[in-house]
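Visitor: Below: sequence and its predicted model.
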Amino acid sequence: MATPSKAYIADRLRSFEMFADLGDEDLATLADMMAFKQFGKGEFILTQNEIGTAMYFLVSGRVKVSLASPEGKELALNYLESPSHFGEMSLVDAEPRSADVIAVTEVEAFALDSRDLSAAIQLQPRLALTVIGTLSRRVRQLISRLEDMAFHDATHRVMRVLLNVATAAYESSGVPIVEGLTHYEIATLAGTSRETASRVISQLTKEGIVGTKGRKIVVDLIALGTLLESD
Ligand code: CMP
């Protein structure tokens, strides 16, 4: 796509809840601060330990937030879909990038330069509150993951990933579904092997707690939540 017009950028910004209540003029000012970026599937958008100079608003596509060990092992921290944002941590704490962010599909994003962050927050204070809210949610997710790593086995962790992803889908689209994630990707989120993830999913299918259709997994949130609590 050629560089989009300011009107297009303003229109896409409106789909982010934190900007939805901005007037046309403020939205146009904000659009002026944004640089349109495109990334191909598999491309690194951010690299761990690099100096951060911008935060990103994901307009379309999906990204993976992950860490790589020196031996090439991967730990997926999260998958993000639009509308969402990333790359804010380095701007807030002036530390290097905390993780790699990689395009899983073709990606379109708007980059907000660190020098414009204060002006953007003055224009829309909800931006600051939303960033704080996201950081807080991520800390909670990491606490829950640490708890699972310390106290629970791989089966439990795979079930937890399915429950979390399906719950997020239910909250955003009304359908409790795990969609667009391969068994390998589910396994890396759960810190286990693809074989274990596949075994757990087929066991849950047999028990009627999830239903699979192609690469979609529909989750009975109450049944899976109850099973996890009893474990
Ligand atoms: P930053 O550290 O600037 O660059 C990497 C980005 O990945 C980071 O900002 C966050 O936006 C994002 N990130 C880091 N950890 C997580 C996580 N656990 N879940 C989702 N996003 C994350």
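Guide: Right, received. Where do you want to start?
Visitor: Going by neighbour count, list what's buried in the longest helix seen in the chain.
Guide: Longest helix in the chain, counting residues (DSSP state H): helix 126-151. The neighbour-count check on helix 126-151 (16 or more other C-beta atoms under 10 Å) flags 126-128, 130-131, 134, 145, 148 as buried. To be clear about C-beta, it is placed using only N, CA and C from the backbone, and glycine gets the same treatment.
Visitor: part of a strand, is Lys37?
Guide: Yes. In this structure, Lys37 lies within a strand as judged by DSSP: H, G, I helix; E, B strand; the rest coil.
Visitor: wait, it sits on Glu106?
Guide: No. Using C-beta atoms under 8 Å, Lys37 is not in contact with Glu106, being 11.7 Å away.
Visitor: returning to what we had before: ok, residues contacting whichever helix or strand comes after the longest helix of the chain?
Guide: Sequence-wise, the next helix or strand downstream of helix 126-151 (DSSP states H and E) is helix 154-173. Helix 154-173 has contacts (C-beta atoms under 8 Å, 6 or more residues apart in numbering) with 141, 144, 148-149, 152, 175-179, 181, 186-187, 189-193, 196-197, 200-201, 204, 210, 217-219, 221, 224-225, 227-228, 231.
Visitor: Name the nearest residue to Glu95, sequence neighbours excluded.
Guide: Met89 (7.3 Å; C-beta to C-beta, 6 or more residues apart in numbering).
Visitor: can you pull the contacts of the one you found?
Guide: So Met89 contacts 52, 95, 97-98, 135 (C-beta under 8 Å, 6+ apart).
Visitor: what's the answer for Leu127, then?
Guide: The contact partners of Leu127, by C-beta under 8 Å, 6+ apart, come to 18-19, 120-121.
Visitor: Could you turn the buried ones of those into a PyMOL selection?
Guide: Per 16+ other C-beta under 10 Å, the buried members of the contacts of Leu127 correspond to this PyMOL selection:
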select buried, resi 18+19+120
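Visitor: now the contacts of Leu127 in TSV, with secondary structure?
Guide: Output for the contacts of Leu127, formatted as TSV (three-state DSSP):
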residue	secondary structure
Met18	helix
Phe19	helix
Ala120	helix
Ile121	helix
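Visitor: Could you work out the most separated pair of the contacts of Leu127?
Guide: Phe19 and Ile121 (12.0 Å; C-beta to C-beta).
Visitor: bridging residues for the spatially most central residue of the chain?
Guide: By C-alpha atoms, centre = their mean, the chain has its centre lying nearest to Leu80, at 2.1 Å. Under DSSP bridges, the beta-bridge partners of Leu80 are Val63.
Visitor: Can you give me the distance of it to Ser98?
Guide: From Leu80 across to Ser98, the span is 14 Å (C-beta to C-beta, to the nearest Å).
Visitor: And for Val158?
Guide: 25 Å.
Visitor: now do Tyr184
Guide: Distance from Tyr184 to Ser98, by C-beta to C-beta: 23 Å.
Visitor: What is the neighbour count of Val101?
Guide: By the criterion of other C-beta atoms under 10 Å, Val101 has 25 neighbours.
Visitor: Oh, that last question was meant for Thr155, not what I typed.
Guide: The burial count for Thr155: 17, using other C-beta under 10 Å.
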